[in-house]
Structure formats: C-alpha cells, structure tokens
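Peer 1: need the 3D shape of this:
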Amino acid sequence: MSNTVLYVEDNDDNIRLVERLLSKRRPDVVLTVATSGQDGIRMAQHTAPNLILLDRRLPDMLGDDVLRELKGATATAAIPVVMLSGDSASDNGAEVLRLGAVDFLSKPFEFDQLLAVVDRFGDQTSANP
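Peer 2: Numbering: from 1, shown residues only. Purely as a prediction, here's the structure:
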C-alpha cells in the first residue's frame, strides 16, 4: 500500500516547497494537493490518505472547520491531521489538538520537523478503510 499524504494548502510557493522536499527526501511518499477546504474534504473522502497536512487559513474556509468536518465523518475520522499555520500564537497548537489534530507546526517549519511528522504519521495503514 502506498504512503499517501494530502496537503491542503492554497499558497503555490508552500506547495512547491513541500513537493520538492518530499520528492527528494521521501520519494516513496505520494503527495496530492488540494487548494481549498472543500476540495481537501472531498479528496480525503475519495483517496483516504495516510496523513493530511492542513493549512489553517484557506480561501473558502478555516482549517479548523475543515478539521471538524474531517473528524466528524466516519470515512475520514481516523486519518491523522497535522495543522500548519503561519500564525504562531501560543494557543494555536492547543486549540487544534483539542479539535482532533495530531500535531501543529508553525510556518515557516523546519524541514526536519515536517519530515518527522510524515515519518511518524504518514505510514499508518490503519487510516485507510
């Protein structure tokens, strides 16, 4: 079974950065991208990725609302979600963990931090039905 990561992000530079990082350092990871919250929810339901990297601010909805929908749906509730945000206020991490995220990374994140998250949560076949 392939190791798939869904990245829900609307910033092209961030998308290219993560694509490059994973293609060079984790070539076994299949990265799919959604550029809006609604597309992210649909893609998660249809592809059942091993991990979702979710931006907190999206053009159509907040990442917190995407997270609530993912955790509230049977098909996606077990998929680990890591929230990413450029707003590094101290309460952000605690809030998204309370909502069901497994981790929180502040942008700009360290490459090794992101790779550690992908390694830790990305290869969990239990997320796939």
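Peer 1: can you get me a residue count around Glu110?
Peer 2: Counted with other Cβ atoms under 10 Å, residues neighbouring Glu110 total 10. Yep, even glycine has a C-beta here, placed from its N, CA and C like the rest.
Peer 1: now it: how far from Val117?
Peer 2: 11 Å (Cβ to Cβ, to the nearest Å).
Peer 1: and Leu53, that's in a strand?
Peer 2: Yes - counting by DSSP: H, G, I helix; E, B strand; the rest coil, Leu53 is part of a strand.
Peer 1: write down the beta-bridge partners of the residue nearest to the spatial centre of the chain, one by one.
Peer 2: Among the residues of the chain, Leu53 comes closest to the average C-alpha position under Cα atoms, centre = their mean, at 1.1 Å. Here Leu53 sits in beta bridges with Tyr7, Val82, going by DSSP bridges.
Peer 1: repeat that for Asn3.
Peer 2: Beta-bridge partners of Asn3, as defined by DSSP bridges: Val29.
Peer 1: tell me the average confidence for stretch 40-49?
Peer 2: Per-region confidence: stretch 40-49 scores 97 on mean pLDDT.
Peer 1: show me what the longest helix belonging to the chain is packed up against.
Peer 2: Determined from DSSP state H, the single longest helix within the chain is helix 12-25. Helix 12-25 sits against strand 3-8, strand 29-34, helix 111-121, with contacts defined as 3 or more Cβ pairs under 8 Å, 6 or more residues apart in numbering; DSSP states H and E.
Peer 1: before I go, just wanted to say thanks for your time.
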